[in-house]
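Novice: Mind folding the following:
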Amino acid sequence: MNLRDFARAGHAPTLFSAFLYFDISFMVWVLLGALANSIVPDFGLSDAEKGFMVALPILGGAVLRLVLGVMTDHFGARRTGLIGLMLTLVPLLMGWLWADSFSKLLLVGLMLGVAGASFAVALPLAGRWYPPQYQGLAMGIAGAGNSGTALATFFGPRLAEVWGWQFVFGLALIPIVLTLTIFFVCAKDSPDQPPAKPLTAYLPVLRQRDTWWFCFFYAVTFGGFVGLASFLNIFFHGQYELDRVQAGNFASLCVIAGSFLRPIGGYLADRFGGIRMLVMLYVGAGATMAALSALPPLLAATFLLFAGMGMLGMGNGAVFQLVPQRFPKEIGVITGIVGAAGGVGGFFLPTLLGGLKQISGSYTSGFLIFGIVGFACAAALVHVSKSWEGRFVAHGGLAANASTAERAVPILQRGAQPAAALVEVKSA
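Specialist: Here you go, the predicted structure:
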């Protein structure tokens with residue numbers, strides 16, 4: 001891949017705007033997880049309640065991603081992003097000035113989902129500017145905005161120690177307003193916008209088996225990343241008896257790996273194929289989570305989480321190297337659907353970890369189950385890729401265009417004549 005050609009292929013100010021919108025929104029989305037160790041003493045929460053509290057914003061984001069995905073297709077990504085940023089101000093004001101009970105805080109958490117729904121806007125906004133061979137890198141750069149989780153886990157506990165957790169919600173209003181201003185000035189919709197479709201036109205997408213496969217795969221990569229990002233403060237504080245700031249430091253270190261390696265995952269998927277990359281990443285993530293179930297000493301656990309979250313982050317980029325190739329004309333709605341599935345996965349993981357900790361007194365079973373799911377994803381992808389290669393991607397998940405067609409033909413020849421196979425790849 002020629003990075004100079006990549007820079008000329010799209011619109012850099014929009015790509016930056018998409019990244020910034022995603023980054024600051026994700027910072028807000030996981031604020032409850034970042035502030036959890038300061039909130040828990042005020043309300044005397046159980047392990048299960050801790051897990052549910054930090055998981056609820058992720059569930060809200062899963063639902064609202066569907067809404068913002070549809071709005072992106074109908075009204076444009078830029079306009080939808082401006083609406084999303086303005087709506088994000090509401091739960092921040094409520095968390096600062098109103099949330100004085102656990103039930104009120106849960107409502108704030110659910111409404112913070114609008115920040116997590118930024119995914120369904122930022123990725124189409126960026127991706128529509130770039131041709132198929134650059135989708136992995138473009139989506140990876142925009143998606144690296146999940147680094148906002150590291151901002152929350154690093155700064156949140158520190159600010160809460162000085163001013164209290166409620167005031168941190170008020171401080172978060174500042175970067176949201178600044179992002180809203182930059183987004184308004186710099187973001188532009190691609191001239192290649194697909195025509196808006198009626199809502200009934202989206203139903204066929206839901207009937208596609210591939211839609212549900214992508215939902216499953218993303219529920220594990222993104223769900224695993226954001227679920228752990230929300231829960232690690234609690235894990236380090238409870239398992240290793242670190243203070244609030246120390247727990248935030250260790251959590252931030254692990255989150256950074258998943259955040260900044262996402263573009264690398266997209267780039268490598270463009271270079272070597274999304275299927276090939278994802279199989280390796282699922283096996284690696286499964287192995288690290290299985291090893292973590294032994295609850296090793298702090299440094300070993302940190303290394304395993306750093307490596308595991310790095311692979312999950314790269315997996316996020318690799319999944320979205322494949323999605324636009326399968327659904328190039330429905331990128332807005334498919335991003336909303338698959339993104340929602342990622343949010344559902346992120347809701348279940350901290351709920352599972354907190355619930356099993358309360359039942360068994362240990363995090364062992366939760367991490368072991370997650371590790372098994374990682375291995376299951378690798379096996380499922382090997383199975384389903386047999387029907388993908390030659391239909392919308394070349395061998396290994398490479399983009400099915402003229403430059404990769406010749407490499408795809410030998411695989412396709414197993415079930416088709418060479419000429420027919422080449423035509424199929426070129427027309428994908």
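Novice: which helices and strands does the helix or strand residue 170 falls within pack with?
Specialist: Using DSSP states H and E, residue 170 sits in helix 165-171. When contacts are defined as 3 or more CB pairs under 8 Å, 6 or more residues apart in numbering; DSSP states H and E, helix 165-171 packs onto helix 36-43, helix 77-97, helix 148-163. To be clear about C-beta, it is placed using only N, CA and C from the backbone, and glycine gets the same treatment.
Novice: can you list contacts of it?
Specialist: The contact list for helix 165-171 (CB atoms under 8 Å, 6 or more residues apart in numbering) reads 31, 35, 38-39, 42, 91-97, 99, 108, 156, 159-160, 163.
Novice: Same question for that helix: list its buried residues.
Specialist: 165, 166, 168, 169 (16 or more other CB atoms under 10 Å).
Novice: Can you name the element that comes right after that helix?
Specialist: Immediately after helix 165-171, counting by DSSP H and E, sits helix 173-186.
Novice: Now the phi/psi pair for residue 98, please.
Specialist: Residue 98 has phi and psi values of phi -130, psi -30 when expressed as degrees, to the nearest 10.
Novice: Report the contact partners of it.
Specialist: Neighbours of residue 98 in contact, by CB under 8 Å, 6+ apart: 104, 108.
Novice: Take the buried residues of helix 165-171 and write them to TSV, including distance to residue 63.
Specialist: Converted to TSV, the buried residues of helix 165-171 look like this (distance: CB to CB, whole Å):
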residue	distance to residue 63
165	25
166	26
168	25
169	21
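Novice: Just the CA trace of the helix holding residue 170, in PDB.
Specialist: Extracted in PDB, the C-alpha atoms of helix 165-171 (Å, rounded to 0.1, in the frame of the first residue of the first chain):
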ATOM      1  CA  TRP A 165     -16.900  12.100  40.500                       C
ATOM      2  CA  GLN A 166     -20.000  14.300  39.800                       C
ATOM      3  CA  PHE A 167     -17.800  17.300  38.700                       C
ATOM      4  CA  VAL A 168     -15.900  15.100  36.200                       C
ATOM      5  CA  PHE A 169     -19.200  14.900  34.200                       C
ATOM      6  CA  GLY A 170     -19.200  18.700  34.100                       C
ATOM      7  CA  LEU A 171     -15.600  18.900  33.000                       C
END
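Novice: Could I get the average pLDDT for that helix?
Specialist: Across helix 165-171, pLDDT averages out at 96.
Novice: How about stretch 131-139?
Specialist: Mean predicted lDDT for stretch 131-139 stands at 74.
Novice: give me the low-pLDDT residue ranges for the protein?
Specialist: 1-3, 5, 7, 135-136, 197, 201, 332, 401-428 (pLDDT under 70).
Novice: at 90 what do you get?
Specialist: Residues of the chain meeting the criterion pLDDT under 90: 1-13, 62-63, 65-77, 116-150, 189-207, 257-274, 316-318, 320-340, 343, 386-428.
Novice: Many thanks, we can stop here.
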